[in-house]
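Student: Pasting the sequence and the predicted model now:
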Amino acid sequence: MLVAGNWKMNTDIKAAVELASAVVEAVGDSGKVGVAVCPPYISLSSVNDVLSGSKSKIKLGAQTMHHQEKGAFTGEVSASMLVSVGCSYVILGHSERRQYFGETDQGVNNKIFMALSCGLTPIVCVGETLSEREGGNEQSVVESQVQEALQDVEIEKASQLVVAYEPVWAIGTGLTATPEQAQEMHAFIRTLLVEQYDNIGNKIHILYGGSMKPANALELMQNKDVDGGLIGGASLKAPDFAAIVEAAKSV
Ligand code: PEP
């Protein structure tokens, strides 16, 4: 089980430090559940100080990165920079990056290679829009997202991957996939991962994301192929985030 918080473009440095401290306190011992927080770039260093100065096992993640090693890419941040500030995870291909910043499956694929080569665990986001689901195309959309994002990613690196199924219609909307919808898609993603990586595909964490909150976390995570959550809104409230971690611990 893995529970990761995506803080998006929220919190200045002071607020990020306060939130990180509150999360450390509220989560306490996370047991076998992996936990990560992904603040904005400018707060990574300060949040890393909070995490590494505590007894907590909570890891640090970033929300995106550039696929090149270094160079003339004004405003961008590389994978090795993220490692140097203490990151273990990086979210790649979030639907907001795809929608507002033109991120493509090919671009996500490039970023996965760079993240893995630097030792970062990519959290690769996939998911269909409402019209794609209404048109009955949700599986074909997710299939091509998974296959293109993971194209040529070797089996030796596969155990470092995390996939997040985030139906776009459920992100930040208060709408959540039903446990049945989530399990159905997670099982489908699992078959794709097993086709590509044999038994290692069974071990790759598949997170659900999309309005997960304390009230629905358990019923979602109890499903066989739901291995945790990627949490947006509820990760900004330490007690809610901690309650989701508690739910993951109980599965
Ligand atoms: C997200 O953006 O990854 C997300 C799941 O957001 P929310 O929980 O707010 O729907």
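Tutor: Sure, I can see it.
Student: Name the next helix or strand following the helix or strand where Leu218 lies along the chain.
Tutor: Per DSSP states H and E: Leu218 is located in helix 214-221. Later in the chain than helix 214-221, the nearest helix or strand by DSSP H and E is strand 228-231.
Student: Return the residues of this structure in contact with the ligand.
Tutor: 6, 166, 171-172, 209-212, 230-234 (Cβ under 6 Å from any ligand atom). No exception for glycine: its C-beta is placed from N, CA and C like everyone else's.
Student: where are the low-confidence patches of the stretch 151-251 of the chain?
Tutor: For the stretch 151-251 of the chain, no stretch has pLDDT under 70.
Student: quick one: the helices in it?
Tutor: 155-158, 179-197, 214-221, 238-250 (DSSP state H, counting those that start in this stretch).
Student: Turn those helices into TSV, columns for mean neighbour count and distance to Ala72.
Tutor: Shown next, in TSV, are the helices of the stretch 151-251 of the chain (neighbours: other Cβ atoms under 10 Å; distance: least, Cβ to Cβ, whole Å):
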stretch	mean neighbour count	distance to Ala72
helix 155-158	14	28
helix 179-197	18	35
helix 214-221	20	43
helix 238-250	21	38
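Student: Make TSV from those helices and add distance to Cys118 to it.
Tutor: TSV is the format used below for the helices of the stretch 151-251 of the chain (distance: least, Cβ to Cβ, whole Å):
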stretch	distance to Cys118
helix 155-158	12
helix 179-197	21
helix 214-221	29
helix 238-250	27
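Student: For Ala20, which of these is the nearest?
Tutor: helix 238-250 (8.9 Å; Cβ to Cβ).
Student: Just want the angle from the closest one to helix 214-221.
Tutor: Using axes from the mean of the first three to the mean of the last three Cα atoms, to 10 degrees, one finds that helix 238-250 and helix 214-221 are set 30 degrees apart in direction.
Student: what's the offset of helix 238-250 from the middle of its chain?
Tutor: Helix 238-250 sits 16 Å away from the centroid of its parent chain (Cα atoms, centre = their mean, to the nearest Å).
Student: what's the answer for stretch 177-191, then?
Tutor: Mean-position distance between stretch 177-191 and its chain equals 16 Å (Cα atoms, centre = their mean).
Student: ok so, going back, can you dump the C-alpha atoms of the helix holding Leu218 in CSV for me?
Tutor: What follows is helix 214-221, C-alpha atoms only, in CSV (Å, rounded to 0.1, in the frame of the first residue of the first chain):
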residue,chain,number,x,y,z
PRO,A,214,-11.6,9.4,4.7
ALA,A,215,-15.3,8.5,3.9
ASN,A,216,-14.5,6.4,0.8
ALA,A,217,-10.8,5.4,1.2
LEU,A,218,-11.4,2.1,2.8
GLU,A,219,-14.1,0.8,0.4
LEU,A,220,-11.8,1.8,-2.5
MET,A,221,-8.6,0.3,-1.1
